[in-house]
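> prediction below, plus the sequence it came from.
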Amino acid sequence: MNSCLYECRVMHQRLAPKPHRFDYRLFYFAVDLDELETLHRRLRLFSVNRPNLYSLRESDFLPTHEPLHNTSPAPDIPRLPHRNPPSLKSRVLAWLADRGVEASGARVVLVTLPRIAGYLFNPVSFYFCFDRTGAPLTAIAEVTNTFREMKPFHVSERTGEKTFHLRTPKNFYVSPFSDVDVEFDFTLRTPGERLSIQIDDYVAGERTLISTLHGPRAALTDARLAWFTLKYPLLTLRVIALIHWHALILWLKRIPWFAKAARATDQRDLYRPHASVASAKP
């Protein structure tokens, strides 16, 4: 199977306006979307669209059948009824096609955190697409904030045979300590024996935050899932707890704080908008 796990170390290093650094360990799933049925059938601890200890619900990702909030000028995209969304892979391929990427027949690997004991919190997911020959084609980074809003970014610039890059204005509320017009700088290396991802923040051309995700590949088996469950218990709850704990530390350090509603109309091209932006007037 192409699907696997990655045992990773996450590092966040804030460079300005005041330094702050922390890191922690966790594991990510890398799921070939063509193997969902096989994984659902073979694994006892992992299910697709069904409750389990680890559960991947296709509706949790890239909801292109739902309205896009405060969208930038773009061609009209037909929306399918929410009650009958297409498969996740078909949504990924349609999203890419709308951006001029011919990906029919492509293989898509989703690197993500699934629901764990029913609880979902997933700061960022990555879709790596490969053409019919197996060569890297393009990538998508789907960022989710603590308000459960989602925003996909097309990371398509080649900076190497297996590396994709994008620098773009965020126009999205990720943290109260990062304004919405900060630039994201994504560097995504196609996963193989190791996963290697970096996402930095830039303000006026100066890097202010470094975030990395690195780790080796591991087999996706029930035995490995059982071991990782003991090694990293309540993983998604731990991630959300760490985010709030370090937010408290930054607040105590008097890092400038930005209210979400303060620049609601600058938060664009996102799915499942929070009430603080959904009702905002341009």
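It's in.

> what helix or strand is Trp251 on?
Assigning secondary structure by DSSP states H and E places Trp251 in helix 235-252.

> which residues are contacting that helix?
Contacts with helix 235-252, where a contact means CB atoms under 8 Å, 6 or more residues apart in numbering, come from 12, 14, 20, 22, 24, 26-27, 113, 115-116, 119-123, 146, 175-177, 232, 257. C-beta: built from backbone N, CA, C; applies to glycine.

> quick one: buried ones out of these?
The neighbour count (16 or more other CB atoms under 10 Å) marks 12, 14, 26-27, 113, 115-116, 120-123, 146, 175-177, 232 as buried among these.

> which two of those have the greatest separation?
Arg14 and Arg115 (29.5 Å; CB to CB).

> burial measure for the residue lying closest to Arg263 once chain neighbours are set aside, as a count.
Leaving aside its sequence neighbours, Arg263 sits nearest to Val180 (CB to CB, 6 or more residues apart in numbering; 5.2 Å). Counted with other CB atoms under 10 Å, the neighbours of Val180 add up to 19.

> can you give me the strands in the stretch 51-200 of the chain?
Taking DSSP state E, counting those that start in this stretch as the criterion, the stretch 51-200 of the chain contains strands spanning 54-56, 68-69, 107-112, 115-116, 124-130, 136-144, 150-155, 157-160, 163-169, 183-189, 194-203.

> can you give me how far the fifth one is from the chain middle?
Same thing as strand 124-130. Taking CA atoms, centre = their mean, to the nearest Å, one finds strand 124-130 lying 8 Å from the centre of the chain it belongs to.

> can you check stretch 124-134 too?
Centroid separation for stretch 124-134 versus its chain: 14 Å, with CA atoms, centre = their mean.

> alpha carbons only: can I get it in CSV?
C-alpha atoms of stretch 124-134 as CSV (Å, rounded to 0.1, in the frame of the first residue of the first chain):
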residue,chain,number,x,y,z
VAL,A,124,-3.3,21.8,8.4
SER,A,125,-3.7,19.0,5.9
PHE,A,126,-1.7,18.5,2.8
TYR,A,127,-2.8,16.9,-0.5
PHE,A,128,0.1,15.7,-2.7
CYS,A,129,-0.9,14.8,-6.3
PHE,A,130,1.0,12.5,-8.6
ASP,A,131,0.4,12.0,-12.3
ARG,A,132,-0.2,8.7,-14.1
THR,A,133,3.6,8.0,-14.2
GLY,A,134,3.9,8.6,-10.4
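
> buried stuff in that stretch?
Under the neighbour-count criterion of 16+ other CB under 10 Å, stretch 124-134 has 124-130 buried.

> with stretch 149-158 instead?
By neighbour count on 16+ other CB under 10 Å, the buried set for stretch 149-158 is 149-156.

> give me the residues contacting it.
62-63, 95-96, 99, 101, 138-144, 164-166, 168, 172-173, 184, 186, 188, 267, 269-274, 277.

> just the buried residues from those, in ChimeraX please.
Entered in ChimeraX, the line below selects the buried ones among those, by 16+ other CB under 10 Å:
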select :62,63,95,96,101,138,139,140,141,142,143,144,164,165,166,172,173,184,186,188,267,270,271,273,274,277
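
> related to what we said a few turns ago, which of the buried ones among the contacts of helix 235-252 lies closest to Met1?
Distance to Met1 across the buried ones among the contacts of helix 235-252 (CB to CB) is lowest for Phe27, with 16.7 Å.

> the closest one contacts Cys4, correct?
No - assessed by CB atoms under 8 Å, Phe27 is found out of contact with Cys4, at 10.3 Å.

> quick check: neighbours shared by those two?
Both Phe27 and Cys4 are contacted by Ala218, under the criterion CB under 8 Å, 6+ apart.

> Tyr202: which of the buried residues of stretch 124-134 is nearest?
Of all the buried residues of stretch 124-134, Val124 has the smallest distance to Tyr202: 17.2 Å, by CB to CB.
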